[in-house]
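> Compute the structure for the input listed below.
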Amino acid sequence: MNKSYIRKKILYLRKRNYSKNLSINSNKFLKFLEKKNIRSRIVGGYYPFNYELDTLNILEVLENNNYIISLPKVGKKNRMNFFQWSLKDPLKINRYGIPETISKKKVNPGLLLVPLVAFDSELNRLGYGGGYYDRYISKLAFKHKIIKIGIGFSFQKVKSLPINKYDKKLDFIITEKDFI
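The predicted model follows:
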C-alpha cells in the first residue's frame, strides 16, 4: 500500500472513530518520562486538530510541573519552528486552519510530541504529507539530541509503512492504550 492510500484510509477511520473521551493519562505520561530518564524541560507540543488525539491535558500537567511548553509555527519557505506557549496564552488560526501561538520567543525543544496519521511497530510515522516534522527533526538533530514521541489512537497502527530516506523514526509512540 502506498502512503496516500494509508493516509486516506486512516484519516477516515480517525474521523469516524474519534472520541473526546479517549485520552492519554497525563500522570502516567509524566511517570513514563521519569522511567525513561527523559530530562528535557523544553517540550514541543501541538494543538490538536483534525480529530487528533487531544494532548492538552498532557501539556497542562507538564506546564504545571515546570516544563516549558512550545507550539509549532509554519513560517517562510514552509519552515517549521517552535515558539514558547502557555495554556493561558491566546492562539491564532494559521493558513492551514491550525491554532498556533502568537509568541515570538523561539525555542529548541529536547522533547517533541509528534502528531501522526499512522504508525507501525517499527516506530515509523506517517504524517499529513508535507514533511514539516521530518525537516524540523533533521534540522534540530544537528544541534542537540531530541526525543520524538508520536501521539495517536491505537487504531492508527498499521502492519507496516512504506518509508523513504527523508522519513524520521520516532523514539516512542503513545496511544490511549499503550506506551510503545
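> ok now do residue 80, which residues does it touch?
72-74, 132-133, 135-136 (CB atoms under 8 Å, 6 or more residues apart in numbering). (Glycine included, C-beta is placed from N, CA and C.)
> just the residues you listed now: which is nearest residue 159?
Closest to residue 159 out of these is residue 133 (22.2 Å), distances taken as CB to CB.
> ok, the closest one touching residue 166?
No. With contacts counted by CB atoms under 8 Å, residue 133 stays clear of residue 166, the gap being 10.7 Å.
> Taking the centroid of this structure, which residue is nearest it?
Most central in the chain under CA atoms, centre = their mean is residue 114, positioned 1.7 Å from the mean C-alpha point.
> Shouldn't it be within a strand?
Yes. The assignment for residue 114 by DSSP: H, G, I helix; E, B strand; the rest coil puts it in a strand.
> excluding its backbone neighbours, what's nearest it?
Nearest non-adjacent residue to residue 114, counting by CB to CB, 6 or more residues apart in numbering: residue 150, 4.9 Å away.
> picking up where we left off before, quick one, which of residue 133 and residue 166 is more surrounded?
Taking neighbours as other CB atoms under 10 Å, residue 133 and residue 166 compare with residue 133 leading, 24 against 9.
> What is the helix ranked longest in the chain packed up against?
Ranked by number of residues, the top helix in the chain under DSSP state H is helix 3-17. Here helix 3-17 touches strand 118-119, strand 125-126, going by 3 or more CB pairs under 8 Å, 6 or more residues apart in numbering; DSSP states H and E.
> on that earlier part again, only the buried subset of the contacts of residue 80, as a ChimeraX command please.
Selection of buried members from these for ChimeraX, criterion 16 or more other CB atoms under 10 Å:
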select :72,73,74,132,133,136
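> So which elements touch the longest strand along the chain?
Looking across the chain with DSSP state E, the single longest strand is strand 68-74. Identification of packing neighbours for strand 68-74 by 3+ CB pairs under 8 Å, 6+ apart yields strand 42-44, helix 56-64, strand 80-84, strand 99-101, helix 132-141.
> Show me the contact partners of the longest one.
Judged by CB under 8 Å, 6+ apart, the contacts made with helix 132-141 from elsewhere in the structure are 72, 74, 78-81, 108-109, 112, 114-115, 125, 127, 146, 148, 166-168.
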